[in-house]
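Asks: I'll drop the sequence and a predicted model, then ask my questions.
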Amino acid sequence: MSIQSPPTLLELAGCSLLSNKSRAILDLEDLPIELFPPLFVEQERLLSKLTSQFLRMDCLRKFCVDAVLLLEGHLEQVLRHLKTPLEALSITNCPLSYSDWNYLSRCPNTSQLRRLDLRGIKLTSFSPETLQILLETVAATLNRLDLEACEMTDSQLQAILPALSRCSQLRILCFLGNCISMSALRDLLLHTARLSQLSIELYPAPLESYDAQGGIHGRHFALSLEGETLSPGKNKDLPEPDWLGLDMKVQWSGGLWGTVRQRLRGVE
């Protein structure tokens, strides 16, 4: 009978850091130098274990990860082992490198996505071209897109609008938590109005709606939004029937002001 040696404190500390993103970031400055080699070894071991599991999955259709610290810089290493096209890709609250981000649009397994969830992925410093190419690729199949709290800018949003407006099967769109102007929000609403299948839309309050203290008046936001974007008389380029049957609400949810536009036919 063999007795397995208990893990050392060093091993336990390494496993704890690899599994807890926020703690790892806070403790990195005070991390003892002798802990770095074991951490790298453990990371490679976990990545190898993950990819080896994919090799055994012949019909994997959904890939969902949340707050996985070790994914950074290794997205291609993980996704290239997939054997079938994905229907759902959810990478949320994960740190991504430039190579990770650029690989998303080149990955052959993301060409038939029905759901794309990138909540909490900070896109401010990334080129919007990757997302633009990815949306163009999945335009015929995508029905749900979540870009909440991606910290996208006006210019990044403008870059993806043509591709977004070609996603003809899109039914749910979430863009909450992004700092955009009223002008950018107006352009977004104009483009999404043309998507006949779109049923539920969630948008952030534009920057102009906030006062110096960071507060917002919901009624003022609603009135300005209606006046600037929802008047068919002002927006003659809009396909007028798409504005009929809309339920527009301004609400506070999850620490964010935003607007929910729901088309009365609902989501199938």
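Replies: That came through fine. Numbers count the residues shown, from 1 in each chain.
Asks: going forward, measure contacts between C-alpha atoms and count neighbours the same way
Replies: Fine.
Asks: Would you check how far apart Leu70 and Gln77 are?
Replies: Look at Leu70 and Gln77: by Cα to Cα, to the nearest Å, they are 12 Å apart.
Asks: Tell me if I'm right that Ser111 and Leu135 touch.
Replies: No - the pair Ser111 and Leu135 fails to qualify as a contact (Cα atoms under 8 Å) at a distance of 9.2 Å.
Asks: Neighbour count: Leu70 and Gln77, which is higher?
Replies: A direct count of neighbours by other Cα atoms under 10 Å for Leu70 and Gln77 places Leu70 higher, at 20 against 14.
Asks: how close does that one sit to Val78?
Replies: Between Leu70 and Val78 the computed distance is 11 Å (Cα to Cα).
Asks: what number of residues lie near Cys107?
Replies: For Cys107, which is what you asked about, the neighbour count (other Cα under 10 Å) is 16.
Asks: just checking, it touches His81?
Replies: No - Cys107 sits out of contact with His81 when judged by Cα under 8 Å, with a separation of 10.7 Å.
Asks: could you point out where the stretch 1-150 of the chain is predicted with low confidence?
Replies: Regions of the stretch 1-150 of the chain meeting the criterion pLDDT under 70 cover residues 1-47, 50-52, 54-55.
Asks: ok, now with 80
Replies: Across the stretch 1-150 of the chain, the stretches falling below the confidence threshold (pLDDT under 80) are 1-58.
Asks: where does Glu96 land in three-state SS?
Replies: Small correction: residue 96 is Leu, not Glu. Going by DSSP: H, G, I helix; E, B strand; the rest coil, the secondary structure assigned to Leu96 is coil.
Asks: repeat for the one 5 residues further on
Replies: Using three-state DSSP, the structure places Trp101 in helix.
Asks: pretty sure it is touching Glu129, no?
Replies: No - taking contacts as Cα under 8 Å, Trp101 lies outside contact range of Glu129: 10.1 Å.
Asks: Looking at those two, which has the bigger crowd around it?
Replies: When Trp101 is set against Glu129 and neighbours are counted by other Cα under 10 Å, the residue ahead is Trp101, at 21 against 14.
Asks: which phi and psi does Leu207 have?
Replies: Dihedral pair for Leu207: phi -60, psi -30, per degrees, to the nearest 10.
Asks: give me the number of residues near it?
Replies: Leu207 sits with 16 neighbouring residues when counted by other Cα under 10 Å.
Asks: what sits against it?
Replies: With contact set as Cα atoms under 8 Å, 6 or more residues apart in numbering, Leu207 has these partners: 179-182.
Asks: can you check Asn178 too?
Replies: Contacts of Asn178 (Cα under 8 Å, 6+ apart): 148-153, 204.
Asks: And for Ser105?
Replies: 130-131, 133-134.
Asks: just checking, what packs against the host helix or strand of Cys64?
Replies: Using DSSP states H and E, Cys64 falls within strand 62-66. The criterion is 3 or more Cα pairs under 8 Å, 6 or more residues apart in numbering; DSSP states H and E, and the helices and strands that strand 62-66 contacts are strand 88-92.
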